[in-house]
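Participant: Below is the structure, and that's it, no one-letter string:
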C-alpha cells in the first residue's frame, strides 16, 4: 500500500485501540488506580518493569506489588522501614524477585530525595528528538546506590543496543496525552515527538509485515529504523502507532 494508505490504515487502528477499553487487559490499569502524580509514576514504573510474559500474570504480579506497598506507592517509597520491606519477602515475577523489588524501592527513594523525582531524571538527560540517551543515563542514576549486579538486568540500556521496550512503554504512559483516558500525559518537560515505540515481538512482527521495519532483531537499531518510519507518518506523536501495531498483533493476529 502507499504511504497515504498505510497512514490511513494505521490511524484507524489507533482510533480503535487507543480508548479506555484498552485499559481492562493492559498493565496500564495499575497506575490508573491512583490519582496523584507520584503514585502514578511509581506504580507505572514498577508495572512496566515487570511487563513481560503473560499479560494476566503481569497485572496480577503488579497488583501484588501495590498490595505489599499498602496501595500507597509514593508514601511507601519515601517512608518505608526495614520491617515494611519484609512485605516483599515472597514477591517474585519470573526473574524479578524480592531482592530486586527491594532495590527498586530503595533506588526510587534516592531518586525522589536526591534527584527531584523520575521525571526530572529523564528530562535532564533526554534529547529534544530522542529519549534514548535519557534512558541510558537514567540507568546509571538508578544504580548509583548499593545493589546486586543481577538487578541491573531489569533496566535496559539503549546505548547497549537494547530496544528498551518496557521503559519506552512507561515513557509513553507518562508523556503522551492522548485525550482518551489511556496515556496519562502528566510529564510536560518531555515532548511526545521524542518518544520511541515500545518494540516487542508483536509490534515488531506487524511492523515487518507492513514494511515499516526490515531488521530481523528487535534491538536498538531496529527501534531507530521503526522510529524513523513512524515519524514520517506523524512527527508530533509517532508513538501513538504502538496502539495500532500492538492491537493488530495481539488482538487481530495480523
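Facilitator: Thanks, I have the structure now. Because the structure is a prediction, the values reported are computed rather than measured.

Participant: Only C-alpha atoms from now on, for both contacts and neighbour counts.
Facilitator: Fine.

Participant: contact partners of the longest helix anywhere in the chain?
Facilitator: Secondary structure of the chain per DSSP state H: the longest helix is helix 98-114. With CA atoms under 8 Å, 6 or more residues apart in numbering as the test, helix 98-114 has contacts from 42, 77-78, 85, 88-92, 117-118, 121, 141-143, 145, 147, 151.

Participant: So which bits of it are buried?
Facilitator: Buried residues in helix 98-114, defined by neighbour count with 16 or more other CA atoms under 10 Å: 98-112.

Participant: Give the rounded mean pLDDT of the next helix-or-strand element following it.
Facilitator: Once helix 98-114 ends, the next helix or strand along the chain (criterion: DSSP states H and E) is helix 118-125. Averaged across helix 118-125, pLDDT comes to 97.

Participant: Can you spell out which helices and strands pack onto helix 118-125?
Facilitator: If contacts are counted by 3 or more CA pairs under 8 Å, 6 or more residues apart in numbering; DSSP states H and E, helix 118-125 sits against helix 98-114, helix 132-142.

Participant: any idea how far it is from the chain center?
Facilitator: From the chain centre to the centre of helix 118-125 is a distance of 15 Å (CA atoms, centre = their mean, to the nearest Å).

Participant: can you state the direction angle for that helix and helix 132-142?
Facilitator: Per axes from the mean of the first three to the mean of the last three CA atoms, to 10 degrees, the angle that helix 118-125 makes with helix 132-142 is 120 degrees.

Participant: Name the residues that touch helix 118-125?
Facilitator: Contacts for helix 118-125 (CA under 8 Å, 6+ apart): 41, 108, 111-112, 115, 131, 133-135, 137-138, 141, 187, 189-190.

Participant: Narrow those to just the buried residues.
Facilitator: 41, 108, 111-112, 131, 134-135, 137-138, 187, 190.

Participant: how much space between residue 159 and residue 224?
Facilitator: Applying CA to CA, to the nearest Å, the value for residue 159 to residue 224 is 12 Å.

Participant: same question, residue 39
Facilitator: In terms of CA to CA, residue 39 sits 31 Å off from residue 224.

Participant: Give me the more crowded residue out of those two.
Facilitator: residue 39 (21 against 17; other CA atoms under 10 Å).

Participant: residues near residue 184, how many?
Facilitator: 22.
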